[in-house]
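Student: Got a predicted model here, sequence first, then my questions.
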Amino acid sequence: MPEKLRRVARALLSVSDKTGLIELARALSAHGVELVSTGGTAKAIAEAGLKVKDVSELTAFPEMMDGRVKTLHPKVHGALLAIRDNAEHKSAMAAHGIAPIDLLVVNLYPFEATIDRGAEFADCIENIDIGGPAMIRAAAKNHDDVAVVVEAADYQTVLDELAANQGATSLALRRRLAAKAFARTASYDAAISNWFAGELKTEAPDFRAFGGRLIQALRYGENPHQNAAFYALPDQRAGVSTARQLQGKELSYNNINDTDAAYECVAEFDPARTAACVIVKHANPCGVAEGPDLVSAYRKALACDQTSAYGGIIALNRTLDAETARTVTEIFTEVIIAPDATEEAIAIVAKRRTLRLLLAGSLPDPRARGLTAKTVAGGLLVQSRDNAVVDDMAMKVATRRAPTDAEMRDLKFAFRVAKHVKSNTIVYAKDLATVGVGAGQMSRVDSARIAARKAQDAAAELKLAEPLTRGSVVASDAFFPFADGMLACIEAGATAVIQPGGSMRDDEVIKAADEHGIAMVFTGVRHFRH
């Protein structure tokens, strides 16, 4: 690629975020660059003692309509779009008194931040930038001649080039900046369109776009031969994307995916009601428990499947304390994520240098609306987040025997967990802890048997007289199409069942439950998770 240096003689600066503005303006002035600016940006530059021309001087038109119209003018867009080596363009510029703009610095009205704070509809509309994206796209299209900067993080890169090239930018830099500029406006428009669809309750808009900002480039994806990166969406949902990493190695693609699964699951447990711990391996919970405190919850969760917990992800719904930190670090763990941690706990975890500790600040709301997306060949599957919570469901006792209070407590716990296990899902629970988890099987019977077998293995490891599935309850994420799946659960020792119901053979399943004296509850809500 040829260098194709372009000297920066004039720059237009118009920014909402004033971070680094004065330092940039001062450095540009030192290179002899004429500064043109708008509104508050021009005022800030002038107050810093720097010479700046207001854009209204350039256009011979005042800002109007509360600032809605200020840069939408041929003397701005002609200055950005004119091809410098095109004789016709040069002639038009001369005829209409248009002087070229060689550098555009714009960051957009903070629309994403405005919707994130739950602003009123009219306030959100006013924070939709029009002139900014128009200028950015014009400059990016004409990147052969114009450099465009859309965030303060790139100021120093541009200044370094000006210093290295006697006040000029290279084509290589201008192309990189142009690519970033188009991505920024695309992400901005995606945020606006998705917000509008939500406000209008349009479930399937004719066009759907998603845009995000890079959090980090990852070493690889699910496998070493795959490339990957992690992006933050405008929806600031508490979790791995918002968390501070205090220590440990860089998160991998699989770490991020598993940590998200763990934290979303633990958020189902209100920290004001109970302490809770979720242990995840390969995106599935392998141990979940409630307890009076975190360390108790962790020990109960670990007892479900100590083998799978090795090298797993641990999510907590309360502030990580020292005792829990000491106990958790007794075995190899990849990630701990919690809303917060005490200084003593942080110091304890710090002794395990490769262990990642993430503090998310808060828990995500399991009832919050939102979207999830998944790519398929040539397409994008988009759906609303599964925000159904078992506490809100109208439960129906389907059998002659109703569950006892203790069984109902465990049934709700088990169904809360089943929501976060890959389908087909079977979860055995006892005393507010999982005692067997069967995940991702093609047959629900297989899930029931695998979960029971894992409970047998756990009993052998813990030197128990019998597996904890004896006297447990069981949750199924979807209905039992035949009685065989439920009978496998009964054989494992389950005394009560929670499931959505809705099978053509519900009567057969209910009859089998009654014959075995089992209590069964229908939720009317399915929790498939593929």
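Tutor: In hand now; what should we look at?
Student: how much space between the residue nearest the centre of the chain and Gly39?
Tutor: Among the residues of the chain, the smallest C-alpha distance to the mean C-alpha position (CA atoms, centre = their mean) belongs to Ser241, namely 5.0 Å. Between Ser241 and Gly39 the distance is 33 Å, computed by CB to CB, to the nearest Å. For glycine as for every other residue, the C-beta is placed from the backbone atoms N, C-alpha and C.
Student: Same question for Ser29.
Tutor: When distances are taken as CB to CB, Ser29 and Gly39 turn out to be 19 Å apart.
Student: can you pull out the strands in the stretch 151-300 of the chain?
Tutor: With strands called from DSSP state E, counting those that start in this stretch, the stretch 151-300 of the chain shows them at 168-169, 213-218, 228-232, 244-247, 275-281, 284-291.
Student: Reformat those as a markdown table; add distance to Met395.
Tutor: Formatted as a markdown table, the entries for these read as follows, by distance: least, CB to CB, whole Å:
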| stretch | distance to Met395 |
| --- | --- |
| strand 168-169 | 66 |
| strand 213-218 | 40 |
| strand 228-232 | 38 |
| strand 244-247 | 39 |
| strand 275-281 | 21 |
| strand 284-291 | 19 |
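Student: Now mean neighbour count too, for these, in a markdown table please.
Tutor: As requested, these are exported to a markdown table (neighbours: other CB atoms under 10 Å):
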| stretch | mean neighbour count |
| --- | --- |
| strand 168-169 | 22 |
| strand 213-218 | 14 |
| strand 228-232 | 15 |
| strand 244-247 | 14 |
| strand 275-281 | 27 |
| strand 284-291 | 26 |
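Student: now those strands as a markdown table including mean pLDDT?
Tutor: As requested, these are arranged in a markdown table below (pLDDT from 0 to 100):
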| stretch | mean pLDDT |
| --- | --- |
| strand 168-169 | 94 |
| strand 213-218 | 94 |
| strand 228-232 | 95 |
| strand 244-247 | 95 |
| strand 275-281 | 98 |
| strand 284-291 | 97 |
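Student: Nearest to Ile125, out of these?
Tutor: Distance to Ile125, taken as CB to CB, is lowest for strand 213-218 among the strands of the stretch 151-300 of the chain, at 22.5 Å.
Student: Between the two ends of stretch 234-246, what distance do you get?
Tutor: Between the opening and closing residues of stretch 234-246 we find a distance of 23 Å, counting by CA to CA, to the nearest Å.
Student: what comes into contact with that stretch?
Tutor: Outside of stretch 234-246, the residues within contact range by CB atoms under 8 Å, 6 or more residues apart in numbering are 112, 115-116, 187, 191, 194, 211-212, 215, 230, 232-233, 251, 256, 259-260, 263-264, 337, 339, 341, 346, 349, 356-364, 368, 370-371.
Student: now it, how far from the chain's geometric center?
Tutor: 7 Å (CA atoms, centre = their mean, to the nearest Å).
Student: give me phi/psi at Cys489?
Tutor: phi -70, psi -40 (degrees, to the nearest 10).
Student: Please give the number of neighbouring residues around the residue nearest to it when sequence neighbours are not counted.
Tutor: When the adjacent residues along the chain are set aside, Cys489 lies closest to Val474, with 4.4 Å between them (CB to CB, 6 or more residues apart in numbering). When neighbours are defined as other CB atoms under 10 Å, Val474 has 36 of them.
Student: you'd agree Val474 is up against Val497?
Tutor: Yes - under the criterion of CB atoms under 8 Å, Val474 is in contact with Val497, at a separation of 5.4 Å.
Student: anything in contact with each of these two?
Tutor: Between them, Val474 and Val497 share the neighbouring residues Cys489, with contact defined by CB under 8 Å, 6+ apart.
Student: Identify the residues contacting the residue nearest to Cys489.
Tutor: Shown in contact with Val474 (CB under 8 Å, 6+ apart): 414, 426-429, 448, 489, 492, 494, 496-498.
Student: ok, back up a step: and Ser29 and Gly39? Which one has more around it.
Tutor: Applying other CB under 10 Å to Ser29 and Gly39 shows that Ser29 carries more neighbours, namely 18 against 14.
Student: Give me the secondary structure label for that one.
Tutor: Taking DSSP: H, G, I helix; E, B strand; the rest coil as the rule, one finds Ser29 in the helix state.
Student: Sticking with the residue nearest to it when sequence neighbours are not counted, tell me its helix or strand.
Tutor: What sits nearest to Ser29 in space, not counting adjacent residues and going by CB to CB, 6+ apart, is Leu50, at 5.5 Å. In this assignment (DSSP states H and E), Leu50 forms part of neither any helix nor any strand.
Student: same question, Asp123
Tutor: With DSSP H and E as the criterion, Asp123 is inside helix 121-126.
Student: Would you mind pulling the contact partners of that helix?
Tutor: Taking CB under 8 Å, 6+ apart as the criterion, the residues outside helix 121-126 that touch it are 111, 114-115, 195, 199.
Student: Now the buried members of these.
Tutor: The neighbour-count test (16 or more other CB atoms under 10 Å) applied to those identifies 111, 114-115, 195 as buried.
Student: Export those residues to CSV and append columns for secondary structure, pLDDT and distance to Asn317.
Tutor: Written out in CSV, the entries for the buried ones among the contacts of helix 121-126 read as follows (DSSP: H, G, I helix; E, B strand; the rest coil; pLDDT from 0 to 100; distance: CB to CB, whole Å):
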residue, secondary structure, pLDDT, distance to Asn317
Phe111, helix, 89, 32
Thr114, helix, 91, 30
Ile115, helix, 88, 27
Trp195, helix, 91, 29
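Student: Among these, which pair sits farthest apart?
Tutor: Most distant of the buried ones among the contacts of helix 121-126, by CB to CB, are Thr114 and Trp195, 9.4 Å apart.
Student: Quick one: the contacts of helix 121-126 as CSV, columns for distance to Lys281 too.
Tutor: Written out in CSV, the entries for the contacts of helix 121-126 read as follows (distance: CB to CB, whole Å):
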residue, distance to Lys281
Phe111, 39
Thr114, 39
Ile115, 36
Trp195, 36
Glu199, 39
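Student: closest to Pro74 among these?
Tutor: Sorting those by how near they are to Pro74, with CB to CB, puts Phe111 at the top with 26.5 Å.
Student: Tell me how many other residues crowd the closest residue to Ser476 other than its chain neighbours.
Tutor: Nearest-residue entry for Ser476: Gln499, 4.2 Å, with adjacent residues in sequence omitted and distances by CB to CB, 6+ apart. When neighbours are counted by other CB under 10 Å, Gln499 registers 29.
Student: isn't Gln499 right up against Ala483?
Tutor: No - counting by CB under 8 Å, Gln499 does not reach Ala483; the two are 11.8 Å apart.
Student: now the residue nearest to Cys489, which residues is it bridged with?
Tutor: Beta-bridge pairing of Val474 under DSSP bridges involves Tyr428, Val497.
Student: Now do Gly131, the pLDDT please.
Tutor: pLDDT, Gly131: 87.
Student: actually Asn165, not the one I wrote
Tutor: Reading off the model, Asn165 has pLDDT 93.
Student: list the contacts for it?
Tutor: If you count contacts by CB under 8 Å, 6+ apart, Asn165 has them with Leu5.
Student: quick check, Glu112 in a helix?
Tutor: Yes - looking at Glu112 with three-state DSSP, it is inside a helix.
Student: hang on, isn't Ala483 packed against Ala512?
Tutor: Yes - in this structure, Ala483 is within contact of Ala512 by CB under 8 Å, at 4.0 Å.
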